[in-house]
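[1] here is a sequence together with a model predicted from it:
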Amino acid sequence: MSATPPARERQAAVDHVNAPGMTIFVLPGVYLEEPSLAPEADSCQHMEAPVKLGYQILSYEQQKACPHQQNLVGIFGIKDLQIEGTGASPSDVIFDAQFQKLNVIRGDRTNGLYLRNFTAQRSTFNAVYVLEADGFTIDKVVGRWNIEYGFLSFAADHGLFVRCEAYGNGDAGVYPGGTSDINRSRGADVPRYAIEVTGCHSHDNTLGYSGTGGDSNWVHDNEFDHNTGGALMDSLFPNHPGLPQNHALFERNLIHSNNSNYYPYVRDGTCARPFLQRGIEKGVVCPATFVPVGTGVLVIGGNYNVFRDNWIYDNWKIGFVQTWVPGILRDDNRLSSQGETSHYNRYLDNHMGTSGGGDRLPNGLDFFWDGEGTGNCWQTAGTDVVQPLAIPACPAGGQHRFISDPNTVVLFADCSGYDLAKQAFPAGCDWFDTPQRPGSFWSSANIESIAPAVQLVALLALCLLLVRRAGRAGPLAVASVVGVGLGSAILLVASLPQLYYLAASGVAVLGIGWLAAVRLVPTERLAVLTLVLGIVALLEAVDSGIFLLPSPIGPVWIRVILEAIWILWTAAALITSRRSPRPA
């Protein structure tokens, strides 16, 4: 191994590299890389390139020709280069972009890149960005106080993040995204992983870990804590290779206490200030994306992921979240892409609500599933809090469901309206509020309460009008009013996050009310619809509270659609009967 000649600036040392396998040793100090901050040649100021999020998307050739247009230090096409800080700890060697460059370090097509023992900070995007590399290591490096990511790898293979630390970042501390999709055509059998993340501590960010298209990532023996959300795998965003996300393995991680709410900094205008005036170094984080406060792990559209032997505790909203993502949300309009997530994910032997030392620190919910997908399974303990109650157990998994619960669809569609730049917070979304500590009773209504509230008013009013039309209040009439009214009221209460478990009983009572109302409706066809509604509601109660029925669409969708038809039909029938002349 050879070393580069002495140089005051690291970019100058990089520029002296003339062969593979060289090492740059960096003495302790704070490196501002002043030459990199000087304006580049006039040709670099007038490059033609698309603009996204306010900056140009430069090609590899443009980046190489103008390495400091966006990067404090640019490394392009150099093989087997090692850059190592010589201090006793990463804080002894600091590379500071002072919020003047997108990336502190960009390694592009740098196979064999090894970065070790330094701190990279204060970029407008990434501390360290490794792109299109086959083989890289980020070892004992700190990425802090960046507007987006601490560490980002993209379109890479044979990568290792080890003993890293990330904090104060506006998106994720560690983000191995768009990973080499080596297991795309495989099932649960995985011969190797593309990226390994181990021994890292990612804390006090919006997300500890993120993986849009984070395929074949092995994430083990890390700690993700005191973020807004602990870890995210998703298929949400367009133009990422390897979608839908698949085949991540999470094991033996500590994912806890992710209840940090940074959204007030957006609301009060702090995040609209210039970067140097926000107080980022003092703990201000400006969330670049929408993450529910108080969540441990989120799988928002992913397949064949395995989560085992992790310690998930003290996340005040939810420990594990799994939801579906239709392809249209990532600009993929093919019919086959609308149902390609989330399938065959497994949750095995995780320690929920308990720290590694045995302390009881519960999550708000332990497991949440939106009801969509094939072959997903959850291994739960008797004390685990799950939603829905009939969550599929391992090893069998669940039946195929084409679409998630309608309330979940509405909530996720609403909450995705968050926008940092516009300071936009969608009405009816409670993701941006700090949940109360589990064990204290509280309740907050959100957009999921609107439909049950409308249902309660409409159904109760129509049933009372039907009883009045009948001219007498017999036992069935009373049962119908009580059943429909009480069932709808319970469903309204069950729309509150802490009382979700009442939904099965509420819809069962509603079903009994429908059956009692069969004799009240004015026509035979409407009576048949009312009877079917009662049967469907009872099946929904079984499906949500006891075991999943073998149906490609959850009974809740059938009930909601039939209820809408019933309300319109019954209202029209009552109006018609009032207008009809009475016989002489």
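    Sure, I can see it.
[2] same for the top helix by length along the chain, what does it pack against?
    Longest helix of the chain, by residue count under DSSP state H: helix 555-579. The helices and strands touching helix 555-579, judged by 3 or more Cβ pairs under 8 Å, 6 or more residues apart in numbering; DSSP states H and E, are helix 406-415, helix 450-470, helix 524-545. From N, CA and C alone the C-beta is placed, and that goes for glycine too.
[3] quick one, the first one and helix 450-470 angle?
    Translated: helix 406-415. For helix 406-415 against helix 450-470, the angle by axes from the mean of the first three to the mean of the last three Cα atoms, to 10 degrees is 130 degrees.
[4] pLDDT below threshold where in the stretch 401-550 of the chain?
    Along the stretch 401-550 of the chain, segments meeting pLDDT under 70 span 441-443.
[5] which one, of the helices and strands packed on helix 555-579, ends up nearest to Gln322?
    helix 406-415 (10.6 Å; Cβ to Cβ).
[6] so what touches the closest one?
    290, 292, 323, 370-371, 403, 426-429, 431, 446-448, 451, 495, 556-557, 560 (Cβ atoms under 8 Å, 6 or more residues apart in numbering).
[7] and it with helix 555-579, angle?
    100 degrees.
[8] of the contacts of helix 406-415, buried ones?
    290, 292, 323, 370-371, 403, 426, 429, 431, 446-448, 451, 495, 556-557, 560 (16 or more other Cβ atoms under 10 Å).
[9] out of the residues you listed, which sit inside strands?
    Thr323 (DSSP state E).
[10] show me where the stretch 251-400 of the chain has helices.
    For the stretch 251-400 of the chain, the helices defined by DSSP state H, counting those that start in this stretch cover 263-267.
[11] tell me where it has strands.
    Counting by DSSP state E, counting those that start in this stretch, the stretch 251-400 of the chain has strands at residues 254-256, 295-300, 302-303, 306-308, 311-313, 318-323, 346-348, 351-352, 365-369, 377-378, 386-387.
[12] these: which one's closest to Asp108?
    Nearest of these to Asp108, taken as Cβ to Cβ: strand 302-303 at 27.3 Å.
[13] who's in contact with the closest one?
    Residues from elsewhere that reach strand 302-303, judged by Cβ under 8 Å, 6+ apart: 233-235, 244-248, 340-345.
[14] if we go to 7 Å?
    For strand 302-303, the surrounding residues in contact (Cβ atoms under 7 Å, 6 or more residues apart in numbering) are Met233, Asp234, Ser235, Pro244, Gln245, Asn246, Thr341, Ser342, His343, Tyr344, Asn345.
[15] out of these, give me the two with the largest separation.
    Largest separation among these by Cβ to Cβ: Asp234 and Tyr344, giving 16.4 Å.
[16] make CSV out of the helices and strands packed on helix 555-579 and add distance to Glu148.
    Listed next are these as CSV, based on distance: least, Cβ to Cβ, whole Å:
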stretch, distance to Glu148
helix 406-415, 20
helix 450-470, 34
helix 524-545, 39
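[17] what's near enough to touch the nearest residue to Thr289 once chain neighbours are set aside?
    Leaving aside its chain neighbours, Thr289 sits nearest to Asp171 (5.8 Å; criterion: Cβ to Cβ, 6 or more residues apart in numbering). Asp171 is in contact with Glu148, Tyr149, Thr206, Leu207, Ser210, Ala288, Thr289, counting by Cβ under 7 Å, 6+ apart.
[18] please tell me how far the first one sits from Lys101.
    When distances are taken as Cβ to Cβ, to the nearest Å, Glu148 and Lys101 turn out to be 12 Å apart.
[19] sorry, back to before: ok, so of the contacts of Asp171, who is nearest Val17?
    When those are compared for distance to Val17 (Cβ to Cβ), Tyr149 comes out closest, at 25.6 Å.
[20] show me where the stretch 51-200 of the chain has its helices.
    60-65.
[21] quick revisit: quick one: the strands of the stretch 251-400 of the chain as JSON lines, columns for distance to Tyr31 and mean pLDDT too.
    Output for the strands of the stretch 251-400 of the chain, formatted as JSON lines (distance: least, Cβ to Cβ, whole Å; pLDDT from 0 to 100):
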{"stretch": "strand 254-256", "distance to Tyr31": "33", "mean pLDDT": "98"}
{"stretch": "strand 295-300", "distance to Tyr31": "36", "mean pLDDT": "98"}
{"stretch": "strand 302-303", "distance to Tyr31": "39", "mean pLDDT": "96"}
{"stretch": "strand 306-308", "distance to Tyr31": "39", "mean pLDDT": "98"}
{"stretch": "strand 311-313", "distance to Tyr31": "38", "mean pLDDT": "98"}
{"stretch": "strand 318-323", "distance to Tyr31": "40", "mean pLDDT": "97"}
{"stretch": "strand 346-348", "distance to Tyr31": "44", "mean pLDDT": "97"}
{"stretch": "strand 351-352", "distance to Tyr31": "42", "mean pLDDT": "97"}
{"stretch": "strand 365-369", "distance to Tyr31": "45", "mean pLDDT": "96"}
{"stretch": "strand 377-378", "distance to Tyr31": "48", "mean pLDDT": "96"}
{"stretch": "strand 386-387", "distance to Tyr31": "50", "mean pLDDT": "94"}
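[22] what's the spacing between His240 and Asp370?
    To Asp370, His240 is 22 Å away according to Cβ to Cβ.
[23] likewise Pro191?
    Per Cβ to Cβ, Pro191 is found 31 Å from Asp370.
[24] tell me how many other residues surround Val128.
    Val128: 30 surrounding residues under other Cβ atoms under 10 Å.
[25] going forward can the numbers begin at 299, since that is how I track them
    Taking 299 as the first residue, the last one we looked at is Val426.
[26] still on that earlier bit, Asp532 and Tyr642: which is more packed in?
    Asp532 (27 against 19).
[27] OK, contacts around the more buried one?
    Residues in contact with Asp532 (Cβ under 7 Å, 6+ apart) are Thr510, Gln543, Ile598, Gly599, Gly600, Val623.
[28] and with 6 Å instead?
    Thr510, Ile598, Gly599 (Cβ atoms under 6 Å, 6 or more residues apart in numbering).
[29] Ile689 now?
    Trp667, Trp676.
[30] so what touches stretch 803-815?
    Contact with stretch 803-815 is made by 774, 777-778, 781-782, 784-785, 788-789, 792, 828, 831-832, 835-836, 838-839, as judged by Cβ under 6 Å, 6+ apart.
[31] now the buried members of these.
    774, 778, 781-782, 784-785, 788-789, 792, 828, 831-832, 835-836, 838-839.
[32] what's the most distant pair in those residues?
    So, the buried ones among the contacts of stretch 803-815 by Cβ to Cβ: farthest apart are Leu774 and Ala792, at 25.8 Å.
[33] how much space separates the closest residue to Gly433 other than its chain neighbours from Val428?
    Of all residues not flanking Gly433 in the chain, His456 sits nearest, at 4.3 Å (Cβ to Cβ, 6+ apart). Noted for His456: a distance of 11 Å to Val428, by Cβ to Cβ.
[34] which of those two has more neighbours?
    More crowded of His456 and Val428, by other Cβ under 10 Å: Val428, with 27 against 17.
[35] check what pLDDT the more buried one gets.
    Note on Val428: pLDDT of 98.
[36] relative to Val472, how far out is it?
    Distance, Val428 to Val472, using Cβ to Cβ: 12 Å.
[37] what do you get for Asp682?
    27 Å.
[38] cool, Thr435 as well?
    To Val472, Thr435 is 14 Å away according to Cβ to Cβ.
[39] which one of these two has more residues nearby?
    Using other Cβ under 10 Å, the more surrounded residue of Thr435 and Val472 is Val472, with 32 against 19.
[40] residues touching that one, list them.
    Counting by Cβ under 6 Å, 6+ apart, Val472 touches Phe449, Phe459, Ala464, Cys498, Ser500, Tyr507.
[41] same question, Ala529
    Per Cβ under 6 Å, 6+ apart, neighbours of Ala529: Gly506, Tyr507, Phe522, Val595.
[42] check Glu331 too.
    With contact taken as Cβ under 6 Å, 6+ apart, Glu331 is in contact with Glu307, Gln309, Leu370.
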